[in-house]
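> got a sequence here, can you model it:
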Amino acid sequence: MVAAGMRDTRGCIAAALLCALAVAACGEERQDADAPSGRFDLDVTAASFPAEQRIAEASTLRLEVENTGDRAVPDLAVTVETDPGEEGQAPVAFGQSTDDPTLAASARPVWIVDEGPAGGDSAYDNTWPVGPLGEGQSRTVEWKLTAAKAGRYTVNWRLAPALEGDVSLGDGRTEGEFEVTISDEPVPARVGDDGEVVRGEEAGR
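From the prediction side, this is the model:
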């Protein structure tokens, strides 16, 4: 039999633990307390990517982004997705998904990314966060690419003011697409006097 005093002691300990947990929960700060919220105004004033390209040809996808609002954008992010080759497949930034089980990777590149936006590396496959953008400021966001697979492709892009929080965008141009055809005819190339490959020039010139 448990003595009445011991039962009272255990009850007090349990009550004290519950009170401590309740105090800790009340004092604990929410993880998303500092997440941005509200509307942000962005506008892409210029967007370019060559519509006609060739295998092994270097090109640049470039977006000129301006903060047209009255508040700083906390972390400008750009998502790029190439339309899938077949319905139901997941979009890939500069490639297309494949159902070939013999391939180690689930996607095949349409373009090789030689250089992405500065500071844009992240865990996201299709999205590049490039940092804050102050009121009235502009930024050039660009990818240096090399065409790797012939065909006709649609490359979509869209902006976000942050990757977290309850945020929305204003009425500016914040999304768009490029229609691109890559020819299977490779870019002319020759070996220069220094032994380097010179692309865009045929041998003998």
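
> what about the spatially most central residue of the chain, distance to Glu66?
What sits nearest the mean C-alpha location of the chain, by C-alpha atoms, centre = their mean, is Thr127, with 0.7 Å. Using C-beta to C-beta, to the nearest Å, Thr127 is found at 20 Å from Glu66. Every residue, glycine included, has its C-beta placed from N, CA and C.

> pretty sure Thr174 contacts Arg158?
Yes: proximity of Thr174 to Arg158 meets the contact threshold set by C-beta atoms under 8 Å, at 6.3 Å.

> element containing Gly172?
Per DSSP states H and E: Gly172 is located in neither a helix nor a strand.

> what's the per-residue pLDDT of it here?
pLDDT for Gly172: 95.

> any idea how many residues pack against it?
Applying other C-beta atoms under 10 Å, we find 17 residues neighbouring Gly172.

> what of Leu63?
Leu63 sits with 22 neighbouring residues when counted by other C-beta under 10 Å.

> same question, Gly116
19.

> list the contacts for it?
128, 143 (C-beta atoms under 8 Å, 6 or more residues apart in numbering).

> ok, now how distant is Gly170 from Ala118?
25 Å.

> should've said Pro50
22 Å.

> between the two, which has more neighbouring residues?
Pro50 (16 against 13).

> dump the residue contacts of that one.
Pro50 touches 59, 180, counting by C-beta under 8 Å, 6+ apart.

> tell me the phi and psi of it?
The phi and psi values for Pro50, taken as degrees, to the nearest 10, are phi -50, psi 130.

> partner residues bridging Glu52?
Assessed by DSSP bridges, Glu52 has beta-bridge partners Thr181.

> my guess is Ala35 contacts Asp75, does it?
No: using C-beta under 8 Å, Ala35 is not in contact with Asp75, being 10.6 Å away.

> between the two, which contacts overlap?
Joint contacts of Ala35 and Asp75 (C-beta under 8 Å, 6+ apart) are Ala162.

> more neighbours, those two?
Higher neighbour count among Ala35 and Asp75: Asp75, with 18 against 14, using other C-beta under 10 Å.

> got a pLDDT number for that one?
At Asp75, the model reports a pLDDT of 95.

> also Gly5?
Gly5 carries a pLDDT score of 47 in this model.

> do the one 10 residues further on as well
You'll see Ala15 listed with a pLDDT of 51.

> same deal with Ala35?
77.

> re the thing from before, look at Thr174 and Arg158 and report which has more neighbours.
Ranked by neighbour count (other C-beta under 10 Å), Thr174 and Arg158 place Thr174 first, with 19 against 16.
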